[in-house]
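>>> Whatever this is, show me its structure:
(2 chains)
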Amino acid sequence: MTQSTGVDALRDLSKARRRHFVEKTDLVNALYKLYMVGAALLVGGSLLVGLAQSAPLGSSVQRQVVSYGPSYLGLALALTVLAGLRSGSRGGPLAIQGADVRMVLLSGIPRSHFLRSKALSQVRSMIPPSLLVGGLVGGIAHKALGAGTLRLVVEGAALGLVGVLSFFAAGYIASGLRINKWLASLVGGAVSAWSFVDVYSGTSVFPGTWLGRFFFSQQDISLALVTMAAVLVLFALGLFLVSNVSLEMQEHRARLVGTLRFAATMRDIRTVILLRRQLSGEKSRGGRSPLASLTFGHGLTARVTKRSLESLYRWPIERFARFIVLAVLAGLSARIMWTGSFFPLAISIVALYIAATDLLEPLSQLADHPDGVAGIGIPLSAVESRLLLVPFVGMTIFVLIGTAATAVFGGFSVSLHVGLISAIPLAAASTTGAAVGVLRKQKSANTPALMPEVVAMTSVIVEILPFIVVASGFVAMVDAYNLHVLNTSLIDTSGISAAFFSLLFPLAAWTWIRRRNELSLGNALSKES
Amino acid sequence: MASRAVLEVKKVSKAYEKNEVLKEVTFAVKEGEITALVGPNGSGKTTLVRAVTGLVGFDSGEVTILGAKAGSDNARSVSSVSLDNPVLYDDISALEHLEFSARINGLENWEIRAKELLVLFGLLERQDDLPSSFSRGLRQKVALSMALIRPHKLLILDEPFVGLDQKGKTALILQIKEEAKSGVAVLVATHSEEFLAVANVMIGMLEGEAVYRGAPSKDQFNRLVG
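A predicted model of the protein is given here:
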């Protein structure tokens, strides 16, 4: 068999698939989607730039950004490399279809041609978003730093591209060399530690920092160019090695990535988290739990609490590590609010939501399989509400970890005050918000007797409600910020009332969880009558 | 003249962490020979089949196909595989699947053979339909047709009878016999007792070990599969 025959067949396959895609595509629907994406990008972009504009940096802060920014940018690049290496150790970042694994990679044609073209097309698809995001960051930096717009937009776009190429280069090299995840973490950790030297000591010994210095203050241009060239060389090496990926891992990834994309399309965050765990090879701890032989009491609360603790016992080390990283991220993002920008709070909200969803695993399983409880005559809501207890304690610890992280990075007294006043509201809000996310049901678009506009609005509310509940936990913190701006004591009567006010949304959510089955039954009966 | 071995498996072992799934498995499949690979669930049949195709690596031992290392370009160009759960493209038709399988493996004049297989498996009327609308059985038939259309010296089928109706099973057995008659070495991992009547050789797997190699035996089959 000649290689060209196989290549021709591959080309014709692509043509056939494109043809079927065009046949199936509704032009009006496609144009509508394009319009929606364009509008979302425009609104999102304007919002981001506007946010930066609304919070111009003072000259001393500008000096700090120019001084520390490069090393933090280097750290971000190092973490990107770490992420790429870890993805590569699991067979990523290449994600090809299951049918391609079976039909192309098991066929007689040399694999290298196919795998490299798939890798190139994967990177190509990421180039426009990386340029866009990088350019946008450059634009925001221009507003904040007051430097030339065009220069920062172009440099930001270039940095975005370097970030994407670094990620894929690290990933392809790791998957081609088939290094295991421990080695990947070790190498990635070493690179991160290298970059952290610059963050800690204010030096510039890490190549990512050189790029940062070029971006922020046009210094180290030659070193930055050498770094970019090195990234290109490593990317070429990755493309060369990618033909040696493990087919077993590719098949496993193909199965999970397909389901993951579907879950993401359905905005099913819990399934996305679950599949993400499988994709990263997270395995729950096996064996008999030491809690199994312990008696916590015979009441329902004791038994449900034991169930929650057993779930925690099954957590692998990686999940605990992620929990701590998310806590630090949430804390530091909330800390940025003190510089006047509320936007990073969104990162804190998402981090809280993800961590709480992880802790609510037993509730999620009960939501998927409620028959076991229903069969023994215990009201489902009684078990569900008790399953929030351990996650609530876990999320309190989460907030305290975040508080500790912010205390390390400056303002020990402020961090401690704000952390203490926010801990309970944030833990309650994140636990109940994530629980609402787990237990809510999608509204059917075909709900009769309702106008389509009402159905659409209800769907949007159902989508964002869990995040609103989580966000409500920040009321006490925002109040503390306002007091800070007014230069008064951080904890006063208004702060304490704000903390209580923060608990209203979680309380409402908890009541809904307790009463929702009765509410559904009431609705059903009223419809019937 | 003695027929030569097409597939040679020598002392192949594989473990997932502490779980040994293959323990020094050794056997060979000669040209024109139909070998049934039997054993209970979890005995290592599927892992062995995947190791032979190169889809799964192994820790020690050697697998060669006509002298070429399993998974290499040369080994893949002479072996054809249909694995336990059929995975197809959802956006090309059944006929286009057959065309692709034939052409990517170097068969240019594929139309007549494709028609034969479509008729054989009762797929002719659905040839232009997308597999996304197919049942498990129909998808299995497309996957088997794809394995049969491409040129090969070794045919590897994992649980090929699952989901097939009686007509489909009969058609497949007929095809397997014809393949063997033309000199192809056939390895079939199966739970189907009726397949023993077709096979020349039976390999029994138990807890990762090849515990039986010889003529197909219902007693041995029942002892292993239960």
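>>> Dig out what the residue nearest the centre of chain B forms beta bridges with.
Within chain B, one residue has its C-alpha closest to the average C-alpha position: by Cα atoms, centre = their mean, that is B:L157, at 1.5 Å. On the basis of DSSP bridges, B:L157 takes part in beta bridges with B:S82, B:V188.
>>> show me where pLDDT drops low in chain B?
Counting by pLDDT under 70, the low-confidence segments of chain B come to B:1-2.
>>> Residue numbers of it in contact with chain A?
Counting by Cβ under 8 Å from any Cβ of the partner chain, the positions of chain B adjacent to chain A are B:50, B:53-57, B:71, B:73, B:76-78, B:81, B:83, B:87-89, B:91-93, B:96, B:99-101, B:103-106, B:108, B:130, B:146, B:150-151. Using the backbone N, CA and C atoms, a C-beta is placed for each residue, glycine as well.
>>> Please pick the buried ones from those.
Restricting the residues of chain B next to chain A to buried positions leaves B:50, B:53-56, B:71, B:73, B:76-78, B:81, B:83, B:87-89, B:91-93, B:96, B:99-101, B:103-106, B:130, B:146, B:150, with burial counted as 16 or more other Cβ atoms under 10 Å in any protein chain shown.
>>> least trustworthy helix or strand in chain A by mean pLDDT?
helix A:371-374 (a mean of 70; mean pLDDT, DSSP states H and E).
>>> residue of the stretch 301-450 of chain A with the smallest distance to chain B?
Ranked by Cβ to the nearest Cβ, the top residue of the stretch 301-450 of chain A for proximity to chain B is A:P316, at 13.4 Å.
>>> Give the burial count for A:L359, as a bare number.
Burial of A:L359, expressed as a neighbour count using other Cβ atoms under 10 Å in any protein chain shown, amounts to 27.
>>> what about the helices in chain B?
Listed in chain order, the helices of chain B (DSSP state H) span B:45-53, B:73-78, B:94-104, B:111-120, B:136-149, B:166-181, B:218-225.
>>> again but with the stretch 101-250 of chain A, I slipped
Here the stretch 101-250 of chain A has its helices, by DSSP state H, counting those that start in this stretch, at A:111-145, A:149-177, A:181-201, A:207-217, A:221-241, A:247-265.
>>> Relative to A:A141, how far out is the nearest residue to A:S280 once chain neighbours are set aside?
By the measure of Cβ to Cβ, 6 or more residues apart in numbering or on different chains, the closest residue to A:S280 outside its immediate chain neighbours is A:R90, 6.2 Å from it. Remark: distance between A:R90 and A:A141 (Cβ to Cβ, to the nearest Å) = 34 Å.
>>> B:A215: neighbouring residues, count only.
The tally of other residues near B:A215 (other Cβ under 10 Å) stands at 11.
>>> In three-state terms, label A:R322 for me.
Reduced to three states with DSSP: H, G, I helix; E, B strand; the rest coil, the structure at A:R322 is helix.
>>> count of residues packed around it?
Considering only other Cβ under 10 Å, A:R322 is surrounded by 18 other residues.
>>> what residues are up against the closest residue to it other than its chain neighbours?
Closest residue to A:R322 apart from its sequence neighbours, by Cβ to Cβ, 6+ apart: A:D358 at 7.7 Å. A:D358 is in contact with A:I273, A:R319, A:R322, A:F323, counting by Cβ atoms under 8 Å, 6 or more residues apart in numbering or on different chains.
>>> Please state the backbone phi and psi of the residue of the stretch 301-450 of chain A closest to chain B?
phi -80, psi 160 (degrees, to the nearest 10).
>>> okay but it is in contact with A:G286, surely?
No. With contact defined as Cβ atoms under 8 Å, A:P316 and A:G286 do not form a contacting pair (10.1 Å).
>>> Give me the more crowded residue out of these two.
Counting neighbours by other Cβ under 10 Å for A:P316 and for A:G286 shows that A:P316 has the greater number, 14 against 7.
>>> In three-state terms, label the closest residue to the more buried one other than its chain neighbours for me.
Using Cβ to Cβ, 6+ apart and skipping the chain neighbours, the partner closest in space to A:P316 is A:E282 (5.4 Å). Three-state call for A:E282 (three-state DSSP): coil.
>>> Do you know the pLDDT at A:E282?
Predicted confidence (pLDDT) for A:E282: 73.
>>> for it, what are its contacts?
A:P316, A:E318, A:R319.
>>> Please identify which helix or strand holds the second one.
For A:E318, the host element (DSSP states H and E) is helix A:317-336.
>>> for chain B, what are the nearby residues on chain A?
Taking Cβ under 8 Å from any Cβ as the criterion, the contact residues of chain A with chain B come out as A:1-2, A:5-6, A:8-10, A:12-13, A:16-17, A:20-21, A:24, A:97-99, A:101-104, A:106-111, A:246-248, A:251.
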